[in-house]
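> Prediction below, plus the sequence it came from.
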Amino acid sequence: MSYIVTARWRPRAGETPAIEAILKELAAAIRNEPGNVSFTVHRARDDTRDIFLHEVYASEAAFKEHRDMQHFKTFVLERAVPLLEQREIRMWSVADDI
C-alpha cells in the first residue's frame, strides 16, 4: 500500500527564490528514488510563499529510505530548513473503506 506524505513549507521573507532552486534539484533526485511513486510541488495561488509538497512512496520503508538518502539530508535538512519560517509534515493512509 502507498505511503503518502505532505509537507507545507513557508520560506522566510526573501528566501522563496532560494527554496525554489533547492526544490528543483531535490525533486529530480527524489523522483529517481526506487521507492518514490510521485513527488509534486504546489504553490498557493494567493500566496507564493505557501508551498505544498505531495509525496507518494511505495511503502513506509521506502519513505524511511528516502529520509536516509544523502540528497534529503543535504537539500532539505542542511540547505532548505534554515531558510524556512515554517515546516509542517503529515503522514497519510489511504482510506479504503470510504
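Alright, I've got the coordinates.

> in this protein, which spans are helices?
If you assign secondary structure with DSSP state H, the helices in the chain sit at 16-31, 60-68, 70-71.

> which residues pair with the spatially most central residue of the chain across the strands?
Compute the mean C-alpha point of the chain, and by Cα atoms, centre = their mean the closest residue is residue 53, 4.6 Å away. The partner list for residue 53 in beta bridges (DSSP bridges) reads residue 7, residue 41.

> quick revisit: between the helices of the chain, which one is closest to residue 84.
Proximity to residue 84 (Cβ to Cβ) singles out helix 16-31 among the helices of the chain, at 7.3 Å. Bear in mind the C-beta positions are built from the backbone N, C-alpha and C, glycine included.

> quick one on the thing from earlier: okay if I get the helices of the chain as TSV plus mean pLDDT?
Formatted as TSV, the entries for the helices of the chain read as follows, by pLDDT from 0 to 100:
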stretch	mean pLDDT
helix 16-31	97
helix 60-68	97
helix 70-71	97
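
> so what's the residue nearest to the centre of the chain scoring on pLDDT?
Predicted confidence (pLDDT) at residue 53: the value is 98.

> what does residue 95 give?
Residue 95 is assigned 81 on the pLDDT scale.

> which residues does residue 3 bridge with?
Assigned bridge partners for residue 3, using DSSP bridges, are residue 57.

> Just the pLDDT for it.
Reported pLDDT at residue 3 in the predicted model: 94.

> Spit out the contact partners of it.
Residues touching residue 3, when contacts are defined by Cβ atoms under 8 Å, 6 or more residues apart in numbering, comprise 56, 57, 58, 59, 60, 62, 63, 91.
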